[in-house]
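**Q** my questions concern the predicted model and sequence given below.
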Amino acid sequence: MTAAPPEPAQGVASISSCVYNLTNTIIGSGVLALPAAFATCGSALGSGLLLVFALFSAHGLHLLSLSAQIVAEGNEKTASFRAVASAAAPRFATFVDLAVVIKCFGVACSYLIVVGDSLPIVAQRALPDVAFAARREPWILFAALVVTPLALKKKLDNLRLVSAASLLCCGGIALLVVSEMLSSDRDVDTSYVVADFRTLKNLPIFVFGFTCHQNIFAVNNELRDPTRRRLDLVVMGAVSLALAFYLVIANAGYATFGASIHSDVLTNYAAAPAIALARVAVALEVTSAIPLQLHPSRECIKSLLTRD
């Protein structure tokens, strides 16, 4: 007599928890490059591109969540990349897992580089007599040690407070950029629409600005009462919140500096305590996002090691 298969664990995460985590997955250090991207396409076209790719991203998340539900219901499994890939294209299931592992691990490493670029600038001014504080290696090591226990959390829901704090950091950066725009007396030239080779060159900034699809399966598994309506609310809430941050920071930064803006908007401002705090906020934001990248990478590694 064989035992009945165990029922999938019931989700415990709220809609707000899932929105925080998905939004934090979306927003990375690339938000600082958006004002410069607007300088190559104009404020109207740039805002339009953000809206278009936000809608594409939301639609893709909707389709993935729908696929996850179909696979989970039909096979009494939790949703995963392997489960969906095995149902849609079995020959490529292993490749899909490998792609997610490489992509997410690479992004996590790039976030450590951002920490190494940001914090030494602040430390060099705050601690001029401490030589090692101006080096990037100690800060990268410190960030790696901080995120290690967070990266080992079993569920994304355990990271909801970290993600919420990260979004507050993003809000602080947006507030800084807007306040600088309102107080600026610079006479800058801005355009509504620009279309040339530079526009195409910077298109990937818009295309990859809403990437969070690697965590939609964890959201599907952890969300309490994961109906299609509730999953769509999570998707629309996360994408809309990220879009709002992007539009505010990109338009305000571009309006302040025009075509002369640098690729990192914070380098345009004079050294000041507020700018130092903004750099710390950027470092905290990307550090908090590292566990959100390592979670799907870890799950796909487990899938590769335990595949049938």
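**A** Done, it's in. Residues are numbered from 1 along each chain as shown.

**Q** how about stretch 180-196: buried residues?
**A** 180, 181, 190, 191, 194 (16 or more other Cβ atoms under 10 Å). To be clear about C-beta, it is placed using only N, CA and C from the backbone, and glycine gets the same treatment.

**Q** with stretch 139-151 instead?
**A** Buried, per 16+ other Cβ under 10 Å, within stretch 139-151: 139, 140, 143, 144, 146, 147, 150, 151.

**Q** one more: stretch 291-307?
**A** 291, 292, 293, 294, 295, 296, 297, 298, 299, 300, 301, 303.

**Q** surely residue 54 meets residue 210?
**A** Yes. If you go by Cβ atoms under 8 Å, residue 54 and residue 210 touch, sitting 5.5 Å apart.

**Q** shared neighbours of these two, anything?
**A** Common contacts of residue 54 and residue 210 (Cβ atoms under 8 Å, 6 or more residues apart in numbering): 239, 242, 243.

**Q** picking up where we left off before, now the buried residues of stretch 180-196 as a markdown table including distance to residue 161, secondary structure and pLDDT?
**A** Below are those laid out as a markdown table (distance: Cβ to Cβ, whole Å; DSSP: H, G, I helix; E, B strand; the rest coil; pLDDT from 0 to 100):
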| residue | distance to residue 161 | secondary structure | pLDDT |
| --- | --- | --- | --- |
| 180 | 29 | helix | 93 |
| 181 | 31 | helix | 94 |
| 190 | 39 | coil | 90 |
| 191 | 42 | coil | 92 |
| 194 | 41 | coil | 91 |
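
**Q** redo those as a markdown table? Include distance to residue 202.
**A** Listed next are the buried residues of stretch 180-196 as a markdown table, based on distance: Cβ to Cβ, whole Å:
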| residue | distance to residue 202 |
| --- | --- |
| 180 | 22 |
| 181 | 21 |
| 190 | 16 |
| 191 | 14 |
| 194 | 11 |
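
**Q** out of these, which one sits closest to residue 85?
**A** residue 194 (40.1 Å; Cβ to Cβ).

**Q** from residue 258, how far out is the closest one?
**A** Computed with Cβ to Cβ, to the nearest Å, the distance linking residue 194 and residue 258 is 12 Å.

**Q** skipping its backbone neighbours, what lies nearest residue 189 in space?
**A** Closest residue to residue 189 apart from its sequence neighbours, by Cβ to Cβ, 6 or more residues apart in numbering: residue 258 at 5.1 Å.

**Q** mind listing what that neighbour touches?
**A** Contacts of residue 258 by Cβ under 8 Å, 6+ apart are 39, 186, 188, 189, 190.

**Q** identify the residue with the minimum pLDDT among these.
**A** Lowest pLDDT among those: residue 186, with 83.

**Q** wait, it sits on residue 257?
**A** Yes. Using Cβ under 8 Å, residue 186 is in contact with residue 257, at 7.2 Å.

**Q** what distance separates the helix or strand residue 93 falls within from the centre of its chain?
**A** Using DSSP states H and E, residue 93 falls within helix 93-126. Centroid displacement of helix 93-126 relative to its chain, using Cα atoms, centre = their mean, to the nearest Å, is 11 Å.

**Q** chain center to whichever helix or strand comes after it: distance?
**A** Note on helix 93-126: by DSSP H and E, the next helix or strand toward the C-terminus is helix 136-151. In this view, helix 136-151 has its centroid 18 Å away from the chain centroid, taken as Cα atoms, centre = their mean.

**Q** returning to what we had before: in helices, which of the buried residues of stretch 291-307 appear?
**A** Of the buried residues of stretch 291-307, the ones assigned to helices by DSSP state H are 291, 292, 293, 294, 295, 296, 297, 298, 299, 300, 301, 303.

**Q** mind putting those in CSV, pLDDT and distance to residue 203 included?
**A** Formatted as CSV, these follow (pLDDT from 0 to 100; distance: Cβ to Cβ, whole Å):
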residue, pLDDT, distance to residue 203
291, 96, 29
292, 96, 25
293, 96, 23
294, 95, 28
295, 95, 29
296, 95, 25
297, 94, 27
298, 93, 31
299, 92, 31
300, 94, 28
301, 94, 32
303, 89, 33
